[in-house]
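Q: The following block contains a protein sequence and its predicted model.
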Amino acid sequence: MKGQTRLGERKIRAAAAWACGPTMCFALSCRRGLPYDGRVEFDWNTFTSQAISSAEVEESFEDPFSLRLLPDAQRFAKQSRYFALGKTLSGRALFTVYTSTGKVVRVILARRMTEEERFFYERHARQQL
């Protein structure tokens with residue numbers, strides 16, 4: 001079981017690195033509740049997507065089993081970028097890259113979760129039950 005956990009975590013790290021640039025290598029630390037607490041406004045100025053609506057992204061943030069990931073890389077520390085894994089009310093699994101001031105969440109990218117990200121999300125959801 002531990003081997004599967006480590007493998008899954010390596011895959012999610014690789015997927016997150018791919019989402020933000022193929023040459024990056026960093027570790028992610030899982031931190032629940034960063035920095036979205038349900039009372040935050042969304043800024044949609046930088047987000048453009050034909051496939052995913054802004055309402056779906058907001059729903060994925062409200063998912064009770066959603067994950068907020070904080071990259072440990074210096075580059076992301078300066079930009080305060082975070083990653084989120086969550087599901088919409090219709091069950092669509094989304095991976096989101098965003099920045100936050102604590103009051104405003106600015107979504108940069110949203111896409112469907114990969115198989116590895118979905119596995120990581122589902123495992124976390126099972127642990128929370």
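A: Done, it's in. Predicted, not measured: the structure shown is a model, and the values here were computed from it. Numbers count the residues shown, from 1 in each chain.
Q: for this structure, where's the lowest mean pLDDT among helices and strands?
A: Lowest mean confidence among the helices and strands of the chain (mean pLDDT, DSSP states H and E): strand 28-30, at a mean of 36.
Q: next structured bit after that one?
A: Following strand 28-30 in sequence order, the next helix or strand is strand 41-43 (DSSP states H and E).
Q: Can you report how many residues neighbour G102?
A: 10 (other Cβ atoms under 10 Å). For every residue, glycine as well, the C-beta is placed using N, CA and C.
Q: err, F120, not the other one
A: By other Cβ under 10 Å, neighbour count at F120 equals 25.
Q: what's the answer for T114, then?
A: 18.
Q: was I right about it contacting L85?
A: No. T114 is beyond contact range of L85, at 10.4 Å (criterion: Cβ atoms under 8 Å).
Q: Which residues are in contact with each of those two?
A: Taking Cβ atoms under 8 Å, 6 or more residues apart in numbering as the criterion, T114 and L85 both touch F95.
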